[in-house]
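below are the sequence and a predicted model; questions follow.
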Amino acid sequence: MIKAVIFDMDGVLIDSEIIYLDHMYEKLRFLYPQINREALFAVVGSTTKRTMEIVSGVIGEDVDSPAFQELYAGLWADCRPDYPSILRKEVPELLRELHRRGYLVALASSTSRAGIEDVLTSCGLKGDFDYIVSGEEFKESKPNPEIYLHTADTLKCEPKECLVVEDSTYGIMAGHGAGMTVISVIDERFRFDRSLADYFINGLWEVLDVLEELNEAKG
């Protein structure tokens, strides 16, 4: 039986990935007109460290150079998304309904702890999770499954008792690698590889349908 539902944040709870990607692309293309927007798709679902590595490769700059470090910091100086406006409208009620049905609810995101706190505070969701963890608290984040195994252990659940809700290739790989059942939220904008997901949904309310199906199958 499924006991815990673990959500990714960016691209799942909030429709933020397209905002970050377009902001980054618009900033970079003035300095590097040859840059290809699709070459930046690989940053979706990545940690800050991995994003920096990808961007440095795309523009051909040394990731460890002071010039690149300054450039990267400048990319985000004026990026201030209005998180409540991009919160998927069903999220607050869905989280509370999961609790009402007796499920543990966690958030496991590759975003920094500060970034997670900013989103949850501005959207009024901090009290809706039993556990919150950032991928940057681990040596390797997604697609490494450690973040999900750690979350299951903290919740005192076996991996097979956990349902993961993801959108990106990295996140799906991490949930699958942890031995959990993985739901993929369908997003055709970034050409994600969803082949390792177990279920596919167009909206978050469908998580409840998947849970009912899984628990019925377990008898």
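Alright, I've got the coordinates.

going forward, measure contacts and count neighbours with C-alpha atoms only.
Noted.

got the CA coordinates for the helix of greatest length in the chain in CSV?
Using DSSP state H, we find that the single longest helix of the chain is helix 17-31. C-alpha atoms of helix 17-31 as CSV (Å, rounded to 0.1, in the frame of the first residue of the first chain):
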residue,chain,number,x,y,z
GLU,A,17,10.6,25.9,-15.4
ILE,A,18,9.6,27.9,-18.5
ILE,A,19,10.0,31.2,-16.7
TYR,A,20,13.6,30.3,-15.5
LEU,A,21,14.5,29.0,-18.9
ASP,A,22,13.3,32.0,-20.9
HIS,A,23,14.8,34.4,-18.4
MET,A,24,18.2,32.7,-18.7
TYR,A,25,18.0,32.5,-22.5
GLU,A,26,17.1,36.2,-22.9
LYS,A,27,19.9,37.2,-20.7
LEU,A,28,22.5,35.0,-22.4
ARG,A,29,21.6,35.7,-26.0
PHE,A,30,22.6,39.3,-25.8
LEU,A,31,26.2,38.3,-24.9
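
so what touches that helix?
10-11, 35, 37, 40-41, 44, 75-76, 79, 81 (Cα atoms under 8 Å, 6 or more residues apart in numbering).

closest one of the residues you listed to Gly203?
Gly11 (11.7 Å; Cα to Cα).

please identify the helix or strand for Val105.
strand 104-109 (DSSP states H and E).
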